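Trainee: Sequence and predicted structure below; questions after.
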Amino acid sequence: MLLAILLSATAMTLIVGIRYLIVSGAFAFATRVRHPGLYRGLDTQMRREIVWSVASAAIYGIPAGVIAWGWQNHGWTRVYTDVHAYPLWYLPVSVFAYLFAHDSWFYWTHRWMHRPKPFRVAHAVHHASRPPTAWAAMAFHPIEALTGAVVIPLLVFAIPIHVGALGLVLTVMTVMGVTNHMGWEVFPRFMWSGPLGGWLITASHHQRHHEHYGCNYGLYFRIWDRLCGTDKGLGDFARAHARAARVAGRADGGDRAAGNDADRRGAGRAA
Ligand SMILES: [Zn+2]
Ligand SMILES: [Zn+2]
C-alpha cells in the first residue's frame, strides 16, 4: 500500500513538473516568436525560475498524488465521473466555484505574504523575477508553494466536481499561471479591457503587481482587489521592453554606463 501511495505521489509530481515544462516552454517559445529578445539577458534568472518551479512541482504533486490514490482506491473526495450525477448546469457552476475559492485563498495569502517578514522569508523568491518570464509560473519558495498546494486537495473534499471539470480548472490554473508572467498579452483585448476585462486578471494586471508590489494581489478575478481597494488597474510592458532594448544596446557596444545607471534606477523603483 505504501508503495502504491509513493508511486502515485511520484507520478503526480512528474505530471505537474512535465506539464509546467511543456506549458512554460511553449509560451516561452511563443515569446521568442512574437517578441524576439524580450527575455534577452535573463538566462540566469530563467534558470533560477525553473529550479524553484521544479521544486514546487514536488510540493504540488505529493499531496495531489496521495489524494488521487485515495480517490481511486477508497472513494475519497467528491470528484465524480458520471456526468449526470448532478444537473448539467452544475458543471460550469462547479468550475467557477473552484476558481473563485482558489482566487480568494490566493488573494488573502498573497496579501499576507507581502507583510515584511513573510515577504523576506518566502515571497521574495517569486519577486526576484524582474521582470517575470513564462518560466516564473511556479517559481515559489517552498512555504509559498505549500500554501498553493493545499487548495485543490482541500476543495475536492468540500465541493463536488466532475473529473473533466476538475481537469478544466487545472488547465486554467496552469495556463493563467504561465501567461500572467509572460510579459505580453496573448489573450484577445475583451479579456483584459472593457467590461469583462474589468473583472478578469491577465498579464497586464499581474505585471503591475510585479512592478509596484502593494497592489493587484488577485489570481483570476479582480473581485477582491476591487472590493478591498487594492486594484491599481492595468500595467503595461514598456519597462520590460525598455530593459530588453537596453541589454541589446549593451550587447551591440552601446552606452554601458547609461544602461547600468538606468538599471539601478529601475531596481530602486521596483523595490
Ligand atoms: Zn506578490
Ligand atoms: Zn507573480
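Mentor: Here it is on my side, so go on. Ligands and ions are numbered 1, 2, ... in the order given.

Trainee: what helix or strand does His205 sit in?
Mentor: Assigned by DSSP states H and E, His205 falls within helix 203-212.

Trainee: From the rest of the structure, what touches that helix?
Mentor: Outside of helix 203-212, the residues that reach it under the criterion CB atoms under 8 Å, 6 or more residues apart in numbering are 127, 129-132, 179-187, 192, 215-218, 222, 232-237, 239-240, 269-270. Placement of C-beta: from N, CA and C, glycine included.

Trainee: what residue ranges in the stretch 151-271 of the chain are flagged as low confidence?
Mentor: By pLDDT under 70, the weakly predicted segments of the stretch 151-271 of the chain are 253-271.

Trainee: hmm, 80 instead?
Mentor: Applying pLDDT under 80 to the stretch 151-271 of the chain picks out residues 251-271.

Trainee: in the helix or strand harbouring Gln72, what's buried?
Mentor: Secondary structure assignment for Gln72, by DSSP H and E: helix 43-74. Taking 16 or more other CB atoms under 10 Å as the basis for neighbour counts, the residues of helix 43-74 that come out buried are 45-46, 48-50, 52-69, 71.

Trainee: Run through the neighbouring helices and strands of the helix or strand that that helix is followed by.
Mentor: Sequence order places strand 79-80 as the next helix or strand after helix 43-74, per DSSP H and E. Using 3 or more CB pairs under 8 Å, 6 or more residues apart in numbering; DSSP states H and E as the contact criterion, the elements in contact with strand 79-80 are strand 161-162, helix 163-179.

Trainee: In the stretch 101-250 of the chain, mark out all the helices, start to finish.
Mentor: Secondary structure of the stretch 101-250 of the chain by DSSP state H, counting those that start in this stretch: the helices cover 116-118, 124-127, 142-149, 151-158, 163-179, 194-197, 203-212, 223-227, 238-251.

Trainee: got CSV for these, with mean neighbour count and distance to Tyr90 too?
Mentor: Written out in CSV, the entries for the helices of the stretch 101-250 of the chain read as follows (neighbours: other CB atoms under 10 Å; distance: least, CB to CB, whole Å):
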stretch, mean neighbour count, distance to Tyr90
helix 116-118, 11, 37
helix 124-127, 18, 35
helix 142-149, 19, 26
helix 151-158, 17, 15
helix 163-179, 17, 9
helix 194-197, 11, 23
helix 203-212, 21, 29
helix 223-227, 16, 21
helix 238-251, 17, 41
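
Trainee: related to what we said a few turns ago, reformat the helices and strands packed on strand 79-80 as CSV; add distance to Thr109.
Mentor: CSV is the format used below for the helices and strands packed on strand 79-80 (distance: least, CB to CB, whole Å):
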stretch, distance to Thr109
strand 161-162, 22
helix 163-179, 15
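
Trainee: And these: which comes nearest Phe140?
Mentor: Phe140 sits nearest to helix 163-179 of all those, at 10.3 Å, using CB to CB.

Trainee: Quick one: list the elements packing against the closest one.
Mentor: Helix 163-179 is packed against helix 2-34, strand 79-80, helix 90-113, helix 151-158, with contacts defined by 3+ CB pairs under 8 Å, 6+ apart.

Trainee: Give me the distance from the longest one to the chain's centre.
Mentor: Taking the mean C-alpha point of helix 2-34 and that of its whole chain, the gap between them comes to 14 Å (CA atoms, centre = their mean, to the nearest Å).

Trainee: and Arg252, how many residues sit next to it?
Mentor: For residue 252 the amino acid is Asp, not Arg. 7 (other CB atoms under 10 Å).

Trainee: Can you give me the distance of Gly25 to His206?
Mentor: Between Gly25 and His206 the distance is 20 Å, computed by CB to CB, to the nearest Å.

Trainee: With Val23 instead?
Mentor: From Val23 across to His206, the span is 16 Å (CB to CB).

Trainee: Same question for Asp231.
Mentor: On the measure of CB to CB, Asp231 and His206 end up 12 Å apart.

Trainee: and if you look at Met1?
Mentor: On the measure of CB to CB, Met1 and His206 end up 42 Å apart.

Trainee: Ok, Leu155 next?
Mentor: Taken as CB to CB, the spacing of Leu155 relative to His206 amounts to 22 Å.

Trainee: All set now, cheers.
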